[in-house]
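> everything below, folded, please.
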Amino acid sequence: MNNYTAAIGSFIRYDMIIFNTLEYTMKKDKYDVAAYKARKEIIRNELDQNTPLHACLENSGEAGANLTKRINELLDVVYGNDSTILKLSQDGSELHVDYSQCVTVFEHVLPIHEELRKIIEAHMNGARKDDKMDEPSYVDLISKNEYFYRGMVNMLLLDQFDHLFAEYNKARNEAKGAITPQSNFIQNDISRVVNLFHFVRNNAVARSADYYEVIDPLFALIEMTGGRRDLPEGKNFGDVFTNVKQITREHANKWEIAWKPVYDNFNKHFQEEIQKMQANAKQA
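Below you'll find the predicted structure:
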């Protein structure tokens, strides 16, 4: 592993740390405090210390400045000491997550991932051009990561979409069909989630028929909830949500199973190579 591919590897690992922030969009009985602290530290250190990402952002002009701003906003809004989304208990033993703000977590994480993906792609192209690509396994890893990422994000967004759609209909029913401040608030969150679905699709590199087995029914459902498409004959919204969620979950699980051993092998190899490079640097 040379310096060029070591930098690419560090970008891949950082992207995964950012992605893992989506854990806080899931309802769980307990969240790992140590993992929370580690993510917060790693995200900040990559910006503040002399790292490949820091150098890349410093040398990328306005685009680098914009991504730096986005990451700092994630640190402030989600991981900050004054965050209302994530909060440690007074004794620091528990992490409390405000699930009602999970759309905000999506809005901060997803754009950062897309920018990091572009950085990784640009550096991969640069390594090939300069004949420095000595880690060919990266190609398979990045390909499988694309499907894993799209599958997981669409699955998580769909869970949130289902929840909000049910809450919206409940609010309207309780108001005997009237539009209320509460239903407007929920409708705003639904619109934010729909925008995120479009953002994820528009930035996807995945093009396989397998991928569209998820995307096509998912966006058909979105059109149904917006009144732009009729429900299938004999079906209600509950039926359609259940069917689309099953399709999405099955694909997400399949793509995760394909991705995980490849990522685990990369992670182990990367750590070993970095330790060798550090040892050689000390010796020199």
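
> now the phi/psi pair for residue 117, please.
Dihedral pair for residue 117: phi -60, psi -40, per degrees, to the nearest 10.

> for the helix of greatest length in the chain, what is the average pLDDT?
What stands out as the longest helix in the chain, according to DSSP state H, is helix 237-283. Mean pLDDT, computed over helix 237-283, is 95.

> for it, packing partners?
helix 3-20, helix 137-174, helix 209-225 (3 or more Cβ pairs under 8 Å, 6 or more residues apart in numbering; DSSP states H and E). Where you see a C-beta, it was placed from the backbone N, CA and C, and this is true even at glycine.

> what residues sit buried inside the longest one?
Yep, that's helix 137-174 we're talking about. By neighbour count with 16 or more other Cβ atoms under 10 Å, helix 137-174 contains the buried residues 138, 141-142, 144-165, 167-168, 171-172.

> same check on stretch 68-75?
68, 70-71, 74-75.

> what does stretch 54-72 give?
Across stretch 54-72, burial judged by 16+ other Cβ under 10 Å covers 54, 56-57, 60, 64, 67-68, 70-71.

> now stretch 14-34: buried residues?
For stretch 14-34, by 16+ other Cβ under 10 Å, it's 14-19, 21-25.

> got those residues as TSV, with pLDDT and distance to residue 5 columns?
Listed next are the buried residues of stretch 14-34 as TSV, based on pLDDT from 0 to 100; distance: Cβ to Cβ, whole Å:
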residue	pLDDT	distance to residue 5
14	98	15
15	98	15
16	98	17
17	97	19
18	98	20
19	98	21
21	98	26
22	98	27
23	97	29
24	98	31
25	97	32
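
> and residue 234, how many residues sit next to it?
By other Cβ atoms under 10 Å, the residues close to residue 234 number 6.

> what of residue 106?
23.

> same question, residue 128
For residue 128, the count of nearby residues is 11 (other Cβ under 10 Å).

> likewise residue 268?
As a burial measure, residue 268 scores 10 neighbours (other Cβ under 10 Å).

> again with residue 77
For residue 77, the neighbour count with other Cβ under 10 Å is 18.

> can you read off the pLDDT for it?
The model's pLDDT for residue 77 equals 98.

> for it, give me its contacts.
By Cβ atoms under 8 Å, 6 or more residues apart in numbering, the residues touching residue 77 are 83, 85, 104, 108.

> and those residues as a markdown table, adding distance to residue 227, neighbour count and secondary structure?
A markdown table is the format used below for these (distance: Cβ to Cβ, whole Å; neighbours: other Cβ atoms under 10 Å; DSSP: H, G, I helix; E, B strand; the rest coil):
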| residue | distance to residue 227 | neighbour count | secondary structure |
| --- | --- | --- | --- |
| 83 | 36 | 15 | coil |
| 85 | 32 | 20 | coil |
| 104 | 27 | 18 | helix |
| 108 | 30 | 20 | helix |
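
> relative to residue 180, which of those residues is nearest.
Lowest distance from residue 180 to those (Cβ to Cβ) belongs to residue 104, with 22.6 Å.

> what segments of the stretch 51-200 of the chain are helices?
When assigned using DSSP state H, counting those that start in this stretch, the helices of the stretch 51-200 of the chain occupy the ranges 52-58, 61-77, 102-129, 137-174, 181-202.

> of those, which approaches residue 223 most closely?
Nearest to residue 223, of all those, is helix 181-202, at 10.1 Å by Cβ to Cβ.

> for the closest one, name the packing helices and strands.
Packing contacts for helix 181-202, counted by 3+ Cβ pairs under 8 Å, 6+ apart, involve helix 102-129, helix 137-174, helix 209-225.

> okay, these in JSON lines with distance to residue 270 next?
Listed next are the helices and strands packed on helix 181-202 as JSON lines, based on distance: least, Cβ to Cβ, whole Å:
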{"stretch": "helix 102-129", "distance to residue 270": "13"}
{"stretch": "helix 137-174", "distance to residue 270": "10"}
{"stretch": "helix 209-225", "distance to residue 270": "27"}
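
> between those, which one is nearest to residue 9?
helix 137-174 (7.6 Å).

> chain center to that closest one, what's the gap?
10 Å (Cα atoms, centre = their mean, to the nearest Å).

> quick one: residue 172 and residue 184 touch, right?
No: at 10.6 Å, residue 172 does not count as touching residue 184 under the criterion of Cβ atoms under 8 Å.
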